[in-house]
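In: here's a sequence, model it:
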Amino acid sequence: MKQYPAYPAYKTTGCDWFPEIPSHWGIDRAKWSISSCQNGVWGAEPDGDDDLVCIRVADFDRQSLRVSTEKLTMRSIAEKDRRNRLLKTGDLLLEKSGGGEQQLVGAVVEFNQTFPAVTSNFIARMVASDGMNSRFLAYLHSHLYSGRVNFRSIKQTTGIQNLDSQAYLDESITYPPLDEQQAIARFLDFKTAQIDALIAKKKVLLDKLAEMRTALISHAVTKGLDPSVAMKDSGVVWLGNVPAHWKVIPIKFSLDMPITDGPHSTPQFYDEGIPFISAEAVKNDRLDFSRKRGYISEDDHAIFSKKYKPKYGDVYMVKSGATTGAVARVETHEEFNIWSPLAVLRPHAEKSITDYLFYVLKSKPFFYSVELSWSYGTQQNIGMGVISNIRMALPPIEEQKAICRYLEPLLQKIEDQRGKVDSVVERLQEYRSALITNAVTGKIDVRGFAIPQPAEGIAS
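Out: This is a model prediction of the structure:
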């Protein structure tokens, strides 16, 4: 941030998230920055007469702080319900209900579209007051959100969270002059767009690395390592030809026990005890115990373990939710337990090994089978009986070990590359967040910043 100057003079505020601001800026409650805050409406199923776009929390682009138009929802909104709720360009949308275990409710984005729309009942429409720039306010609320200021106004912090908008809008914010708000918004729009373009390029590289990884795994677990070996038709379209001496079987016949899962009821959680994990703990092909649901008692652990007791070498697959199909290996001997969204596949010692089974589940043919088989209710899911009968190509044990030895260094090399790219993306995200914070709190003075113009003869 050293390339940007500071303001000539500052004053202290006594506010934790705006501790020191330029001496000519004001500070007051956020509610004075808006002229209204009105809840949305969900309406009814589209009927062809009163249909209107209804913006949902899922339409929030939390990176650009704007509304995404990729998957808009149409709802039938009666005239009396839409009359005072129609959105205008520049309106601010406040997430009042939503969030989850890993994400707080309370995000704010700007409506930057021109088509007629309303918000769902999980969102409040806020109209910027005279003398306030809505784009600046979107960035300012982003600063509050990243600092978890909204946490104090959340009335329920587990499951679906509810934000008390009145309490949230009683929090203090800064009030620069309007021309400075506009300058800050222009600066941040330009600089964040530059950063986002760099991040997008890095994510393309991450996608390519993921494709390379999947291709390596898929070829190894369907074709083997010897290109000269005799092949046979597997009888499964997405498996294609496999080595002639391999078996093609439902995956259940490579397992030591029928596929199972954890308890279907929500246990009582405590501050300490036995770690209890669910689907969100399956992260980057591993079990991340920092993402546990909580701790359960020794007694509950003993009860749940009568159905299933985790064992080193087990393989888990998420069978419901947004990450259906994600897999991880159990790589710890420590005690823990699992919830029902995780399906357990335990390899049979004489038929399959953990790493090979894991790679089969990570292969493109297997995941394609999962995608073909999952069903949708309120969320995507796949039954354990369905998983059991997905067919796999199974080589002899020694060949499984050879395939795993072959894959390990190649996949580690890809993982090392992915880690470096992830690190760059993380640093860019941190710099982006810091830039927003420094601009909206007045730590840097961007009044003199001029957006560079394209060189003559170069298209903008």
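
In: what's the first helix or strand after the helix or strand containing A200?
Out: In this structure, A200 is located in helix 178-223 according to DSSP states H and E. Sequence-wise, the next helix or strand beyond helix 178-223 is strand 231-233, with elements assigned using DSSP H and E.

In: after that next one, which helix or strand is next?
Out: strand 241-243.

In: packing partners for whichever helix or strand comes after that following strand?
Out: With elements assigned by DSSP H and E, the helix or strand that comes after strand 241-243 is strand 247-250. Using 3 or more Cβ pairs under 8 Å, 6 or more residues apart in numbering; DSSP states H and E as the contact criterion, the secondary-structure elements in contact with strand 247-250 are strand 391-394. The way it works is simple: take the backbone N, C-alpha and C, and place the C-beta from them, glycine included.

In: what's the first helix or strand after the least confident helix or strand in the chain by mean pLDDT?
Out: Taking all helices and strands of the chain together, the one with the lowest average confidence (mean pLDDT, DSSP states H and E) is strand 375-376, at a mean of 62. Past strand 375-376, heading to the C-terminal end, the next element that is a helix or strand (DSSP H and E) is strand 380-381.

In: show me what counts as buried in the very next helix or strand once past that following strand.
Out: Next along the chain after strand 380-381, taking DSSP H and E as the criterion, comes helix 384-388. Within helix 384-388, the residues that qualify as buried are 384, 386-388, counting by 16 or more other Cβ atoms under 10 Å.

In: for the nearest residue to Q63 once chain neighbours are set aside, give me the pLDDT.
Out: Of all residues beyond its chain neighbours, the one nearest Q63 is D196 (6.4 Å), with distances taken as Cβ to Cβ, 6 or more residues apart in numbering. Reading off the confidence values, D196 has pLDDT 96.

In: now do I34
Out: Per-residue confidence at I34 stands at 97 (pLDDT).

In: residue contacts, it?
Out: Remark: with contacts taken as Cβ atoms under 8 Å, 6 or more residues apart in numbering, I34 is in contact with 92, 126-129, 132, 137, 169.

In: change it to 6 Å
Out: By Cβ atoms under 6 Å, 6 or more residues apart in numbering, the contact list for I34 reads 126-129.

In: what about burial for those, which qualify?
Out: Neighbour-count burial (16+ other Cβ under 10 Å) is assigned, among the contacts of I34, to 126-128.

In: D256: which of the residues you listed is nearest?
Out: Taking Cβ to Cβ as the measure, M126 is the one of the buried ones among the contacts of I34 closest to D256, at 57.0 Å.

In: now that closest one: how far from S35?
Out: Noted for M126: a distance of 9 Å to S35, by Cβ to Cβ, to the nearest Å.

In: ok, back up a step: distance to S290 added to the buried ones among the contacts of I34, as TSV?
Out: Formatted as TSV, the entries for the buried ones among the contacts of I34 read as follows, by distance: Cβ to Cβ, whole Å:
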residue	distance to S290
M126	35
V127	40
A128	39
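
In: mind listing what I249 touches?
Out: Shown here is I249, whose contacts under the criterion Cβ under 6 Å, 6+ apart are L394.

In: look up which residues are beta-bridged to it.
Out: Beta-bridge partners of I249, counted by DSSP bridges, are M392.

In: ok, it to P454 distance?
Out: Applying Cβ to Cβ, the value for I249 to P454 is 61 Å.

In: ok, now E110?
Out: E110 is 26 Å from P454, where distance means Cβ to Cβ.

In: more neighbours, the two?
Out: Here E110 and P454 are set side by side on neighbour count (other Cβ atoms under 10 Å), and the busier one is E110, at 24 against 8.

In: the more buried one: what's it in contact with?
Out: E110 sits next to 66, 92, 134, 138 when contact means Cβ under 6 Å, 6+ apart.

In: wouldn't the third one be in contact with G90 here?
Out: Spelled out, that is S134. Yes. Under the criterion of Cβ atoms under 6 Å, S134 makes contact with G90 at 4.2 Å.

In: which of these two has more neighbours?
Out: When S134 is set against G90 and neighbours are counted by other Cβ under 10 Å, the residue ahead is S134, at 22 against 15.

In: look up phi and psi at V237.
Out: The main-chain torsion angles of V237 are listed as degrees, to the nearest 10 and equal phi -50, psi -50.

In: tabulate the buried ones among the contacts of I34 (a markdown table), appending distance to A6, secondary structure and pLDDT.
Out: Formatted as a markdown table, the entries for the buried ones among the contacts of I34 read as follows, by distance: Cβ to Cβ, whole Å; DSSP: H, G, I helix; E, B strand; the rest coil; pLDDT from 0 to 100:
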| residue | distance to A6 | secondary structure | pLDDT |
| --- | --- | --- | --- |
| M126 | 31 | strand | 98 |
| V127 | 33 | strand | 97 |
| A128 | 27 | strand | 97 |
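
In: out of the residues you listed, which is nearest to V360?
Out: Set against V360, the nearest of the buried ones among the contacts of I34 by Cβ to Cβ is M126 (50.6 Å).

In: partners of the closest one in the sheet?
Out: C37, L92.

In: check contacts around it.
Out: Residues near M126 by Cβ under 6 Å, 6+ apart: 34, 37, 92, 94.

In: and which of these is nearest to E334?
Out: L94 (42.0 Å).

In: how about the closest one, nearest residue that isn't a chain neighbour?
Out: Here the nearest residue to L94 in space, its sequence neighbours aside, is A124; by Cβ to Cβ, 6+ apart that works out to 4.5 Å.

In: burial of the one you found, as a residue count?
Out: Look at A124: counted by other Cβ under 10 Å, it has 23 neighbours.

In: can you pull the phi/psi pair for it?
Out: Phi and psi for A124, reported as degrees, to the nearest 10, are phi -110, psi 140.

In: is it correct that it is in contact with V41?
Out: No. Under the criterion of Cβ under 6 Å, A124 is not in contact with V41, lying 11.3 Å apart.

In: any idea how far the residue lying farthest from the centre of the chain lies from I303?
Out: In the chain, the greatest distance from the average C-alpha position (Cα atoms, centre = their mean) is reached by A230, at 44.0 Å. Computed with Cβ to Cβ, the distance linking A230 and I303 is 52 Å.

In: cool, and L169?
Out: Using Cβ to Cβ, which is the criterion applied here, L169 is 46 Å from I303.

In: those two: which has the busier surroundings?
Out: Residue environment comparison for L169 versus I303 gives the larger neighbour count to L169, 19 against 14, counting by other Cβ under 10 Å.

In: for the more buried one, list the residues it contacts.
Out: For L169, the contact set (Cβ under 6 Å, 6+ apart) comprises 30-31.

In: hmm, 8 Å instead?
Out: L169 is in contact with 29-31, 34, 37, counting by Cβ under 8 Å, 6+ apart.

In: ditto for D271
Out: Y295.

In: picking that back up, closest to A450 among the contacts of M126?
Out: L92 (27.5 Å).

In: how close does the closest one get to G224?
Out: 58 Å.

In: what's the answer for P22, then?
Out: Using Cβ to Cβ, P22 is found at 67 Å from G224.
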